[in-house]
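[1] just the structure for this:
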Amino acid sequence: MADLEFNKNEDNMRIMVADLRHKKNQIALGGGEKSIAKHKAKGKLTARERIAMLLDENKPQLEIGALAGEGMYPEYGGCPSGGVVVVMGYVEGRQCIVVANDATVKAGAWFPITGKKNLRAQEIAMENHLPIIYLVDSAGVFLPMQDEIFADKEHFGRIFRNNAKMSSMGITQIAAVMGSCVAGGAYLPIMSDESLIVDKTGSIFLAGSYLVKAAIGEVIDNETLGGATTQTEISGVCDYKMKDDKECLLTIRKLMNKLGSYEEAGFDRVSPKEPKKDPKEIYGFISEGNAKPYDSLEIIERLVDDSEFTEYKAGYGKTIVCGYGRIDGWAVGIVANQRKIIKSKKGEMQFGGVIYSDSADKAARFIMNCNQKKIPLVFLHDVSGFMVGSRSEHGGIIKDGAKMVNAMSNSIVPKFSVVVGNSYGAGNYAMCGKAYDPKLMLAWPSARVAVMGGAQAAKVLMQIQVASLKKKGEEITEEKEQELFNKIKDRYDKTTDPYYAAARLWVDDIIDPLETRKAISMGIEAANHAPIKEGYSTGVMQV
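    Residues are numbered from 1 along each chain as shown. Reported below is the predicted structural model:
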């Protein structure tokens, strides 16, 4: 494919992907080169080096929340990657989640986003019955922000509640104390199934030596108080005393290769095939700013095995594409917003990326079919919302939209969402946005997530602001109106940026479009660890 518009789109996407890689490379430095050097001078590996040594080589990996904290907490010098690295990968052939504190970022202290990211890692492990490995090296709660991390339901204490819940579910948890493990954080390794501690660098206690002296007047050093020898030979708190990081990680691998088998959910998989149509051509379809229409089938055919896609109700509800295919051998049902402008069965032109009543009805029926047949669902977002206006309202758009949301919300098969372009308003909800528990919520660099697009939102907000100024007797010229519009739009556009969403974990990660097949395949493999125990029911549905 080689027309001028395609080439322009391709160049733009390549620039965005290059920017993404550069940003992730910078984030991977954690607290910076000086902090890394100081960390290594203690004989310790960095969080990412520990993960690399622990995980199987030549097996796929998927980092979760790499961009968490991006641009946040500037008053404290930032918090790269939320101060913790989370990776889905394989240890001795067993798929698992690894959580490693990055002690080069504020000594591994917990910011609010750190807590949110840790909880997301545990949520993925719990939903998919995946073993979880904690590599602990943290100074505990970041005290200047304790009011935003300590007391609420989704704060620090929830971590230990999840430890207990996972234990009762039979989910393997292994913790390695490879640095500081202080105060409330000390419960995490001890609530895990087995714990290891590295001699001389690892320590675990409810209160360090300074606090002990202040509280009870006892003078003692941290190593004697809660070092490896103390906690393995005197208290019995930890199970294994390790001489260094390397021995600790190798021992975790030995523990993992003894795990028993698990019951599978039974999702269908055959031998994978690469798409016939070149996946790299995906770069050429989405225009800068998501401004121009394209045929969403062209993207689907570059994601599915052998480029083979069986479309459901192809002639009906054309602003949503539904159908069956395979991704890396796994059977999937795909629900994608159709971005090209199409002609309805009544001969009317319909806007691409808008959900109409017939599209919502079709998608709801397809989602129910996938649940009936136990086929995982993949949602490809490029949606501006549901159709508005008197004709749509009189036709029952709210009822039909609610039907789609109902069918999707009650889905018992795994759901995976990829924000390809726009994901606005109720369209985000219907297409399985973050609030609807997708197993993974991913975004391409072209993604935008908001209540509505920047231009539309700016017009609404500008009208409100202009009316308010006029009430105060101010005269608003066209130039002043345009100035207000530009100011509002610029501010609004910053919050729709995919990096803004990723920083707050509204999406699990921003990925190169070429990583989409790998991410979905790993997600389905993870979900296959958790058998479906319930039957599918939508409850009361307006038909």
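[2] other SSEs contacting the longest helix anywhere in the chain?
    Determined from DSSP state H, the single longest helix within the chain is helix 4-27. For helix 4-27, not one helix or strand is in contact under the criterion 3 or more CB pairs under 8 Å, 6 or more residues apart in numbering; DSSP states H and E. C-beta: built from backbone N, CA, C; applies to glycine.
[3] and that helix, what's buried?
    6, 9-10, 12-13, 16-17, 20, 23-24, 27 (16 or more other CB atoms under 10 Å).
[4] residues contacting the closest residue to residue 375 other than its chain neighbours?
    Distances taken as CB to CB, 6 or more residues apart in numbering place residue 333 nearest to residue 375, at 4.8 Å, with adjacent residues excluded. Counting by CB atoms under 8 Å, 6 or more residues apart in numbering, residue 333 touches 322-324, 366-367, 369-370, 375-378.
[5] got it, and residue 112?
    Neighbours of residue 112 in contact, by CB under 8 Å, 6+ apart: 145, 148-149, 155.
[6] got the contact list for residue 262?
    Residues in contact with residue 262 (CB under 8 Å, 6+ apart) are 129, 529.
[7] for it, helix, strand, or coil?
    coil (DSSP: H, G, I helix; E, B strand; the rest coil).
[8] for residue 156, see how far away it is.
    30 Å (CB to CB, to the nearest Å).
[9] same deal with residue 494?
    For residue 494, the distance to residue 156 equals 29 Å [CB to CB].
[10] which of the two has more neighbours?
    Taking other CB atoms under 10 Å, residue 494 and residue 156 do not tie; residue 156 has more neighbours (23 against 12).
[11] I'd assumed residue 141 was in contact with that one.
    Yes: counting by CB atoms under 8 Å, residue 156 touches residue 141, with 6.0 Å between them.
[12] so what sits against both of these two?
    With CB under 8 Å, 6+ apart, residue 156 and residue 141 have common neighbours 110, 149-150, 184.
[13] weed out the non-buried ones from those residues.
    Buried among the shared contacts of residue 156 and residue 141 by 16+ other CB under 10 Å: 110, 149-150.
[14] hang on, the earlier thing: quick one: which two of the shared contacts of residue 156 and residue 141 are the most distant?
    Greatest spacing in these, by CB to CB: 149 and 184 (10.4 Å).
[15] list residues touching both of these two?
    In contact with both residue 149 and residue 184: 141, 156, using CB under 8 Å, 6+ apart.
[16] shaky segments in the stretch 1-150 of the chain?
    1-2 (pLDDT under 70).
[17] ugh, wrong one, the stretch 301-450 of the chain
    In the stretch 301-450 of the chain, residues with pLDDT under 70: 344-348.
[18] can you show me the strands along it?
    For the stretch 301-450 of the chain, the strands defined by DSSP state E, counting those that start in this stretch occupy 310-312, 320-327, 330-337, 342-343, 349-350, 354-355, 377-383, 385-386, 415-424, 440-443, 448-450.
[19] any buried residues in stretch 321-329, and which?
    Under 16+ other CB under 10 Å, the buried positions of stretch 321-329 are 321-328.
[20] ok, stretch 337-353 next?
    By 16+ other CB under 10 Å, the buried positions in stretch 337-353 come out as 337-340, 350, 352-353.
[21] which among these gets closest to residue 209?
    In terms of CB to CB, no member of the buried residues of stretch 337-353 lies closer to residue 209 than residue 337, at 58.4 Å.
[22] distance check, that closest one against residue 417.
    Using CB to CB, we find residue 337 at a distance of 12 Å from residue 417.
[23] what is in contact with these two at once?
    Counting by CB under 8 Å, 6+ apart, the contacts common to residue 337 and residue 417 are 381, 431.
[24] quick one: which helix or strand includes residue 30?
    Taking DSSP states H and E as the definition, one finds residue 30 inside no helix or strand.
[25] what's the local residue count around it?
    24.
[26] quick one: contacts for it?
    So residue 30 contacts 36, 46-48, 80-81, 102, 104-105 (CB under 8 Å, 6+ apart).
[27] ok, so of those, who is nearest residue 474?
    Of all those, residue 80 has the smallest distance to residue 474: 44.3 Å, by CB to CB.
[28] the closest one and residue 99, how far apart?
    With distances taken as CB to CB, residue 80 is found 16 Å from residue 99.
[29] can you check residue 26 too?
    Residue 26 sits 22 Å away from residue 99, going by CB to CB.
[30] nearest residue to residue 499 other than its sequence neighbours?
    Among residues not flanking residue 499 along the chain, residue 70 sits closest, at 5.5 Å (CB to CB, 6+ apart).
[31] please read the previous query as pertaining to residue 451.
    In space, residue 451 is closest to residue 425, 5.4 Å off (CB to CB, 6+ apart).
[32] what residues are up against that neighbour?
    Contacts of residue 425 by CB under 8 Å, 6+ apart are 384-386, 450-452.
[33] ditto for residue 259
    Residue 259 neighbours (CB under 8 Å, 6+ apart): 94, 131, 172.
[34] just residue 395 next, same as before
    Residue 395 sits next to residue 357 when contact means CB under 8 Å, 6+ apart.
[35] also residue 171?
    Residue 171 touches 125-126, 129-132, counting by CB under 8 Å, 6+ apart.
[36] wasn't it part of a strand?
    No: assignment of residue 171 by three-state DSSP gives coil, placing it outside any strand.
[37] relative to residue 490, how far out is it?
    46 Å.
[38] tell me where the stretch 401-543 of the chain has helices.
    425-430, 454-471, 478-496, 498-503, 516-527 (DSSP state H, counting those that start in this stretch).
[39] redo those as TSV? Include distance to residue 59.
    Listed next are those as TSV, based on distance: least, CB to CB, whole Å:
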stretch	distance to residue 59
helix 425-430	33
helix 454-471	41
helix 478-496	35
helix 498-503	24
helix 516-527	10
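[40] looking at those, which has the lowest confidence?
    Within those, the stretch with the lowest mean pLDDT is helix 454-471, showing a mean of 77.
[41] just the angle for it relative to helix 478-496, thanks.
    Angle of helix 454-471 versus helix 478-496, following axes from the mean of the first three to the mean of the last three CA atoms, to 10 degrees, is 130 degrees.
[42] span of stretch 487-506 from start to end?
    End-to-end distance for stretch 487-506: 25 Å, by CA to CA, to the nearest Å.
[43] actually, stretch 316-330.
    26 Å.
[44] quick one: it to chain centroid distance?
    From the chain centre to the centre of stretch 316-330 is a distance of 22 Å (CA atoms, centre = their mean, to the nearest Å).
[45] wait, residue 16 touches residue 447, no?
    No: between residue 16 and residue 447 there is no contact, the gap being 10.0 Å when judged by CB under 8 Å.
[46] closest to residue 250 among the contacts of residue 259?
    Nearest to residue 250 among the contacts of residue 259, with distances taken as CB to CB, is residue 94, at 15.5 Å.
[47] how close does that closest one sit to residue 67?
    Residue 94 is 27 Å from residue 67, by CB to CB.
[48] who has more neighbours out of those two?
    residue 67 (27 against 18).
[49] now the more buried one: phi and psi?
    Torsion angles at residue 67 (phi, psi; degrees, to the nearest 10) stand at phi -100, psi 10.
[50] tell me which residues of the helix or strand harbouring residue 38 are tucked away?
    Under the criterion of DSSP H and E, residue 38 resides in helix 33-40. By 16+ other CB under 10 Å, the buried positions in helix 33-40 come out as 35-36, 39.
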